[in-house]
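Q: next comes the sequence, and after it the predicted model I'd like to discuss.
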Amino acid sequence: MPTVPNIPGVKAEPPVAVPLRREVADLLGRTVIGQPVSFATRHIEELHRDDYYVCEKSDGIRCLLYCTHGDTEDSEAYYLIDRKNEYYYVQGLHYPKTKDDWSSFHVQTLVDGELVIDEKKDGRQVLKYLVFDCLMLDGQSLVQRSLDKRLGYFREHFFKPYEALCKAFPDEMQYFPFYLQFKNMELSYAVPKMFDHVLPNLQHGNDGLIFTAVNSEYRFGTDQKILKWKPADENSIDFRMNLEFPLLPPEEMDEDDDSPQYDWYAIPRVFLSVNAGNTEGYQRWAEMYIEEDEWEKLKGMGVELDERIVECAMDEQGRWRFKRFRNDKKDGNHISVVKSVMESIRDGVSKEDLVKASPSMRAAWKSRHPK
């Protein structure tokens, strides 16, 4: 099973984190990052109609990279921001603004990407930060620009100086806590290439594809222009899990105790709830099927289980099964996301469906962009 990384660095305590959150919120005017919708049959027509990039969906940790001042105006600081809006101070990073001045550095810069661990053939594990978007660069907001412009601007003014630094000081790069890399993006009709060449040669975990509209601005919250495709058996939902243990049989109850007496040694019912929003709270959605050996493994983890955020997928019999804890998330999926995933599960767009559609997608793209 591929290794999912932990976020490097030191978690910022409230006296540091609170002003940082306010600072970033002021820069963006928002605090919520863009989230994809699940791929459904109707989205195949979308890929024919509009320009999209396609990239692999990494099995990693999504986080923002924030570049800012340190304790003084002439010092630099770097933070990784996770889905819970927690800030992690990362030492040992340096990203120059220009290859003509190695001491320069970026501030008020916010990059979107994900941490993955590449498993090398010699057994080494290499932590990488894969960049797929840029929201702010040196105080300039890029969110209203199209994706190709945002990536182009980032490449020219951030990534190229970083590449030059790597070439100028190759021995020093081993001391960086992670390597920076662009996430490889192809034109949407290159689906066969993704399945035949890109995915089989990845050195980190993967669980699908991401299609992102080329000409769309950055959208906060649920973004209808970012499409997440997974194989049918990999479509999953992040629920909040609640345990309900059965009562002891009457003959085992303590007659002197009037309070409910539960059988803590039994396998509980595991209810799954979805996030219905700030005013509605959580609503019970389904029940997770769990076998005895699975319950023993969960108990053996030695962690609090009730009200944990868990990722579940539906098996061939239509039962929700546990996949993993989502320690990187403080809330389960919103009900709108859940409905999107359910549509994707019902539609069941397969790998073969995408490959079959790729020639006509290519023809439509070429007709929009004649030589």
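A: Ah, there it is.
Q: now for the helix or strand of the chain with the lowest mean pLDDT, which elements pack on it?
A: The weakest-scoring helix or strand in the chain, judged by mean pLDDT, DSSP states H and E, is strand 34-38 (a mean of 84). With contacts defined as 3 or more CB pairs under 8 Å, 6 or more residues apart in numbering; DSSP states H and E, the secondary structure elements packing on strand 34-38 are strand 221-229, helix 335-347. The C-beta positions use only the backbone N, C-alpha and C, and glycine is treated the same way.
Q: thinking D59 is in contact with N206, fair?
A: Yes - counting by CB atoms under 8 Å, D59 touches N206, with 5.9 Å between them.
Q: what lines up beside the least confident helix or strand of the chain in the sheet?
A: According to DSSP bridges, strand 34-38 forms sheet pairs with strand 221-229 (parallel).
Q: what about D196, how many residues nearby?
A: The number of residues packed around D196, counting by other CB atoms under 10 Å, is 11.
Q: quick check, it in a helix?
A: Yes - the assignment for D196 by DSSP: H, G, I helix; E, B strand; the rest coil puts it in a helix.
Q: tell me where the stretch 251-371 of the chain has strands.
A: Listed in chain order, the strands of the stretch 251-371 of the chain (DSSP state E, counting those that start in this stretch) span residues 269-275, 282-288, 309-314, 320-325.
Q: from the contact counts, what lies against the last one?
A: Using 3+ CB pairs under 8 Å, 6+ apart as the contact criterion, the neighbours of strand 320-325 among helices and strands are strand 236-244, strand 282-288, strand 309-314.
Q: who's in contact with that strand?
A: Contact partners of strand 320-325, identified using CB atoms under 8 Å, 6 or more residues apart in numbering, comprise 236-237, 239, 272, 286-290, 294, 298, 308-315.
Q: can you list the buried residues in that strand?
A: W320, F322, F325 (16 or more other CB atoms under 10 Å).
Q: tilt between it and strand 309-314?
A: For strand 320-325 against strand 309-314, the angle by axes from the mean of the first three to the mean of the last three CA atoms, to 10 degrees is 140 degrees.
Q: what do you get for the second one?
A: Strand 282-288 and strand 309-314 meet at an angle of 50 degrees, taking the same axes, to 10 degrees as the criterion.
Q: packing partners for strand 282-288?
A: Taking 3+ CB pairs under 8 Å, 6+ apart as contact, the helices and strands that strand 282-288 lies on are strand 236-244, strand 269-275, strand 320-325.
Q: what segments of the stretch 1-150 of the chain are strands?
A: Using DSSP E, counting those that start in this stretch, the strands found in the stretch 1-150 of the chain span residues 10-11, 34-38, 52-58, 61-69, 76-81, 87-89, 109-119, 125-137, 140-141.
Q: V355 and K193 touch, don't they?
A: No - the pair V355 and K193 does not pass the contact test of CB under 8 Å, sitting 10.3 Å apart.
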